[in-house]
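Colleague: I would like to see how this sequence folds:
(chains A and B)
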Amino acid sequence: MNVMAPAAAADTLVRVQDLKVTFVSREESVSAVNGINFELKRGEVMCVIGESGSGKSVMMRSLMRLHPPKRTRIEGAMEVDGYDIQGVSEKQMRQLRGATVSMIFQEPMTALDPLYTVGEQIAETVRIHENIPQEAAMKRALELLELVRVPSPERRLKAYPHELSGGLRQRAMIAVALSCNPSLLLADEPTTALDASVQIQVLVLLRRLQKELGMSVIFVTHDLGVAAQIADKVAVMYAGRLVEYGSVQDVLLNPKHHYTKGMLASTVAEQEKGRPLGAIPGTPPDLRALPPGCSFAPRCRAAKAQCRTELPPETDTGGGHRVRCLFPL
Amino acid sequence: MWIYALRRLILTIPILLGVTIICFLLVQIAPGDPIQSLLPPDASEADAAALRAYYGLDKPLAVQYVVWLGKVLTGDLGMSIQVDAPVAKEVGRAFANTITLALLAVALAFVVSMILGVIAAYKSGTWIDKLFTSVAVFGISVPTFWLGVVLVIIFAVELNWLPAAGMGNSGSENFSYWRWEDFKFAIMPMIALALPPLGIMTRTTRSSVEEVLGQDFVQTLRAKGLGEMAVLRHAVKNAMPQIVAMLGLQLGYLIGGSVLVEMVFNWPGTGYLLNKAILSRDLPVLQGTILVLAASFVMINLVIDLVQSMIDPRIKRS
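Modeller: Numbers count the residues shown, from 1 in each chain, chains lettered A, B, ... in the order given. So this is what the prediction gives:
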């Protein structure tokens, strides 16, 4: 186990250094994550924004070592709560999963086992990590359902996932994830599959629980509005790299990267009625064959010849606001 | 649960009635006159008519059916034409011989196919998977009667470990699976019967467990901190309804379709009886045997449905 300097351990929970994730098969290799650096303090919320296929979910799953080891090559260093994620044994990793780090998923419809009641699934998680009898675990499950504001929790405890609505199912999923007081919650687009009104409820709930329980959250979304509401830090991801990273104010109000600016311009809120949305032209690059330079260059209006040959380094523009661009805004 | 079971049970009544009608008509359609085969060649028309009346074959079809159904419901399947014994007794004895053997064969197939199928699904794409899948394909492809003969040649003729055929000295009346002298007669028929279901069920298990392992909730299970064995337990339980459905189907086939194996091993079961009845045009026996087989097929399906609904709570809704 890799132990950090005690001073840093006190308030830095997650430290990711030059993380690279490649999926290898006999035919080809796909570079899903290409060098990510960030740190997350205890109690902080970081939003990761990016298009589909930008490597957001892959990065999250790496933090829990959920990728099949045979087909995945992971380079760089990840540290969560003082544990070296690559270095710990499989047994230790299992103890971390669900207890120190837990995860909620995009599809509440399919993320729960259909054959077990909600109560049984929460109690199962509790009992893996704590040596307590089934009745005590079920009692904890009931408390957790109350915590996530499930109405009539006694009845819902005995309900199967198919008997619940999408919003309630996602609350049940959150209850599973929170059952062992994790220090880090990974939320992989937890509101994307829900109705708009339910989205806000779940979002408000997550924000409140995060504050109450003091946990850190990495929240993947492609909804900038969500990021604005709940994030302390924002990381903008493109083709497996963080192209921009900083506080929520810096990134969303004063974007330095052309991609971030393009994304902000393509939201409905900023636009006049009747005008076409300012969509970013082109498509994300093929992760099997990344261009040598800036991976956004082919779609960037401000791109120069240099952009296509030279990979822009991460540069700090001040106050921890970092950007990967040779000609930032 | 009980309401579902009751509803499902009531639903089987019209199916069973349909089965009796088909059984009854099937025999009527069959060519040949059973009376002619009973009478000596020089018998008169009057003798034939008298015999026809004795068996009730002179009445209209609908009346024959109702009379027959009434008797069937009281457990009277008529008299065998060939051996002059109650059909119910003949069929009952044969059915007992078949069902125990079929249950043993299916149990064997189930246990082995679960082990092979689950490992193959978990190790999907590796050489173990390929090996177990080959075993499954072998099981499906091999004709049971050929396998039966090969088993006899190896274990009875060459090695002289097991008896070649029959049910041993106790006879089918006193046969006991708990006695080795009797049980050894059942071993080879059991293996011959088990191999095709074993192959099919290995494939079913492999594909359904593999499918479940690809579902989203499996990732949730791992993210919760479950070990691989616990994850597999969840996956197998989710695959179970499909596996159980296939198991029921296979048991149904074994009960009805073991004619070839029972002939090879001279095993006095329903298949053996059916074959004998067809060759000798013993219509009451044929009818009774088919009826019992069809009814047990319906009952097996009922049990399978109930088992599935116990495993999967979503089934009760529909």
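Colleague: for the helix or strand harbouring residue A:205, packing partners?
Modeller: If you go by DSSP states H and E, residue A:205 is part of helix A:196-213. If you count contacts as 3 or more C-beta pairs under 8 Å, 6 or more residues apart in numbering or on different chains; DSSP states H and E, helix A:196-213 packs onto helix A:166-178, strand A:216-221, helix A:224-230. C-betas here are computed from N, CA, C, even on glycine.
Colleague: how about these in JSON lines, adding mean pLDDT, distance to residue A:28 and mean neighbour count?
Modeller: Supplementary listing: the helices and strands packed on helix A:196-213 in JSON lines, determined by pLDDT from 0 to 100; distance: least, C-beta to C-beta, whole Å; neighbours: other C-beta atoms under 10 Å in any protein chain shown:
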{"stretch": "helix A:166-178", "mean pLDDT": "90", "distance to residue A:28": "34", "mean neighbour count": "25"}
{"stretch": "strand A:216-221", "mean pLDDT": "91", "distance to residue A:28": "25", "mean neighbour count": "25"}
{"stretch": "helix A:224-230", "mean pLDDT": "85", "distance to residue A:28": "33", "mean neighbour count": "19"}
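Colleague: okay if I get the ones you listed as CSV plus distance to chain B?
Modeller: Below are these laid out as CSV (distance: least, C-beta to the nearest C-beta, whole Å):
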stretch, distance to chain B
helix A:166-178, 7
strand A:216-221, 14
helix A:224-230, 21
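Colleague: These into TSV, with extra columns for distance to residue A:200?
Modeller: Listed next are these as TSV, based on distance: least, C-beta to C-beta, whole Å:
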stretch	distance to residue A:200
helix A:166-178	10
strand A:216-221	13
helix A:224-230	9
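Colleague: near chain A at all, the helix or strand encompassing residue B:230?
Modeller: Assessed by DSSP H and E, residue B:230 sits inside helix B:228-257. Yes: shown here: helix B:228-257 in contact with chain A (C-beta under 8 Å from any C-beta of the partner chain) through B:230, B:234, B:237, B:238.
Colleague: and which of the residues you listed is nearest residue B:307?
Modeller: residue B:237 (12.5 Å; C-beta to C-beta).
Colleague: Could you report the neighbour count for that closest one?
Modeller: Counted with other C-beta atoms under 10 Å in any protein chain shown, the neighbours of residue B:237 add up to 15.
Colleague: Surely it and residue A:115 touch.
Modeller: Yes: here residue B:237 lies in contact with residue A:115, judged by C-beta atoms under 8 Å, at a distance of 5.7 Å.
Colleague: Find residues that contact each of those two.
Modeller: residue B:311 (C-beta atoms under 8 Å, 6 or more residues apart in numbering or on different chains).
Colleague: In the stretch 101-250 of chain A, which residue sits closest to chain B?
Modeller: residue A:110 (3.9 Å; C-beta to the nearest C-beta).
Colleague: list the buried ones in stretch A:26-43?
Modeller: Judged by neighbour count (16 or more other C-beta atoms under 10 Å in any protein chain shown), stretch A:26-43 contains these buried residues: A:30-40, A:42-43.
Colleague: contacts for it?
Modeller: Counting by C-beta under 8 Å, 6+ apart, A:11-23, A:46, A:55, A:58-59, A:62, A:73, A:76, A:183-184, A:210, A:214-216, A:218, A:233, A:235, A:237, A:239-242, A:245, A:287-288, A:290, A:295, A:314 sit against stretch A:26-43.
Colleague: can you tell me which residues contact residue A:21?
Modeller: Counting by C-beta under 8 Å, 6+ apart, the residues that residue A:21 touches are A:31-33, A:55, A:58-59, A:62, A:67, A:72-75, A:240.
Colleague: can you do 6 Å?
Modeller: A:32, A:33, A:58, A:62, A:74 (C-beta atoms under 6 Å, 6 or more residues apart in numbering or on different chains).
Colleague: TSV for the residues you listed, including pLDDT and secondary structure?
Modeller: Supplementary listing: these in TSV, determined by pLDDT from 0 to 100; DSSP: H, G, I helix; E, B strand; the rest coil:
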residue	pLDDT	secondary structure
A:32	90	strand
A:33	92	strand
A:58	91	helix
A:62	92	helix
A:74	92	strand
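Colleague: which one of those is nearest residue B:253?
Modeller: residue A:58 (46.8 Å).
Colleague: burial of that closest one, as a residue count?
Modeller: Neighbour tally, residue A:58, other C-beta under 10 Å: 22.
Colleague: Please tell me how far it sits from chain B.
Modeller: Distance, residue A:58 to chain B, using C-beta to the nearest C-beta, to the nearest Å: 13 Å.
Colleague: ok, for that residue, nearest residue in space, not its chain neighbours?
Modeller: Once flanking residues are discounted, residue A:58 sits nearest to residue A:32: 4.2 Å by C-beta to C-beta, 6 or more residues apart in numbering or on different chains.
Colleague: check which helix or strand covers residue A:39.
Modeller: strand A:29-41.
Colleague: who does that strand pair up with?
Modeller: Sheet pairing for strand A:29-41, assigned by DSSP bridges, gives strand A:12-24 (antiparallel).
Colleague: Now the partner strand: buried residues?
Modeller: Using 16+ other C-beta under 10 Å as the test for burial, strand A:12-24 gives A:12, A:13, A:14, A:15, A:16, A:19, A:20, A:21, A:22, A:23.
Colleague: check contacts around residue B:95.
Modeller: B:270, B:292.
Colleague: Now name the helix or strand holding it.
Modeller: Applying DSSP H and E, one finds residue B:95 within helix B:87-122.
Colleague: Can you name the secondary structure element that comes next after that helix?
Modeller: Once helix B:87-122 ends, the next helix or strand along the chain (criterion: DSSP H and E) is helix B:127-141.
Colleague: The residue of the stretch 101-250 of chain A closest to chain B - that's part of a strand, no?
Modeller: No: assessed with DSSP: H, G, I helix; E, B strand; the rest coil, residue A:110 is coil; it does not lie in a strand.
Colleague: how far away is residue A:94 from chain B?
Modeller: In terms of C-beta to the nearest C-beta, residue A:94 sits 5 Å off from chain B.
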